[in-house]
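Participant: structure for the following, please:
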Amino acid sequence: MSTTVLLTEREPATRGVLERQLQDDGFELAAPGASPDLVLAADDADVERWRGRAPVIVIGPAEADPVARVRAFRRGCDDYLARPFHYDELVERMRAVLRRAGGPPSAPLVAGPVSIDRRTRVVTVGGRRVDLSQKEYDLLVRLATDPERVFTKAELLRDVWGFRTRARTRTVDAHASRLRRKLRAADPSADLVENQWGVGYRLLGSLCG
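Facilitator: This is a model prediction of the structure:
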């Protein structure tokens, strides 16, 4: 199955060259409105739009300083490559990002009894479908990317809600509580979305041993 890539490059000549090279290497270019497996962003303005939906590599300007790069990573990009760049290096970075993401999102994201189809956004627990709100879904996807890891509330606020400050809010707790109830309703035997008091949340609690 080919990897679908979304280009947000705005300069026509550069976009044309990249499109030809990527297609020659077996990548598929994402059609408007499609869900890509990977995003090549012309700048970090597109990062927050795609965070949690697809890995993002920012292809930034040559004059980008460390502050701009750090800002892109804080917004949620998976890698940053400054211009001018060598095409072969870009491809290797794309493959590395996809490996870290567990393969293209076209493959279901599976964690214990939870299965997430990121193309259709269908979530099942033990084979039973679960209907989630947008933020509940985004929270679940983030937890499922590393299901045994405890994500701090600050990380979840940053990655799911885009908060840049350590705001005092019950947003994470409220969404995690609703998410836990919905997953448990689908499979009462599954102990999912564990709260590590004073720290944060992980998806697979007692299932981890």
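Participant: can you read off the pLDDT for residue 204?
Facilitator: Looking at residue 204, its pLDDT reads 86.
Participant: before we move on, what about residue 209?
Facilitator: Taken from the predicted model, the pLDDT recorded for residue 209 is 42.
Participant: show me what counts as buried in the helix ranked longest in the chain.
Facilitator: Among all segments of the chain classified by DSSP state H, the helix with the greatest residue count is helix 171-186. Buried residues in helix 171-186, counted by 16 or more other CB atoms under 10 Å: 171-172, 175-176, 178-180, 182-184, 186. Where C-beta positions appear, they are placed from N, C-alpha and C, glycine not excepted.
Participant: helices or strands up against that helix?
Facilitator: With contacts taken as 3 or more CB pairs under 8 Å, 6 or more residues apart in numbering; DSSP states H and E, helix 171-186 sits against strand 122-125, strand 128-130, helix 134-144, helix 153-161, strand 192-196, strand 200-204.
Participant: ok, 6 Å please
Facilitator: Using 3 or more CB pairs under 6 Å, 6 or more residues apart in numbering; DSSP states H and E as the contact definition, the elements that helix 171-186 packs against are strand 128-130, helix 134-144, strand 192-196.
Participant: now do the shortest one: everything it contacts.
Facilitator: Contacting residues not belonging to strand 128-130 are listed as 123, 182, 186 [CB atoms under 6 Å, 6 or more residues apart in numbering].
Participant: for the residue lying closest to residue 25 once chain neighbours are set aside, the count of nearby residues, please.
Facilitator: Distance criterion CB to CB, 6 or more residues apart in numbering; nearest residue to residue 25, sequence neighbours excluded, is residue 91 at 6.4 Å. The burial count assigned to residue 91 is 14, neighbours taken as other CB atoms under 10 Å.
Participant: just the element for residue 91, please.
Facilitator: Residue 91 is part of helix 87-100 when elements are defined by DSSP states H and E.
Participant: which non-adjacent residue is nearest the residue nearest the centre of the chain?
Facilitator: Most central in the chain under CA atoms, centre = their mean is residue 52, positioned 2.8 Å from the mean C-alpha point. In space, and not counting its chain neighbours, residue 52 is closest to residue 138: 4.7 Å by CB to CB, 6+ apart.
Participant: what's the domain layout of this protein?
Facilitator: The record, using automatic domain parsing to delimit domains, assigns the chain the ranges 4-100, 109-208.
Participant: figure out the length between the terminal residues of the shortest one.
Facilitator: When you say that, I think you mean domain 4-100. Distance across domain 4-100, first residue to last, is 17 Å (CA to CA, to the nearest Å).
Participant: what distance separates that domain from the centre of its chain?
Facilitator: Per CA atoms, centre = their mean, to the nearest Å, the displacement of domain 4-100 from the mean C-alpha position of its chain is 14 Å.
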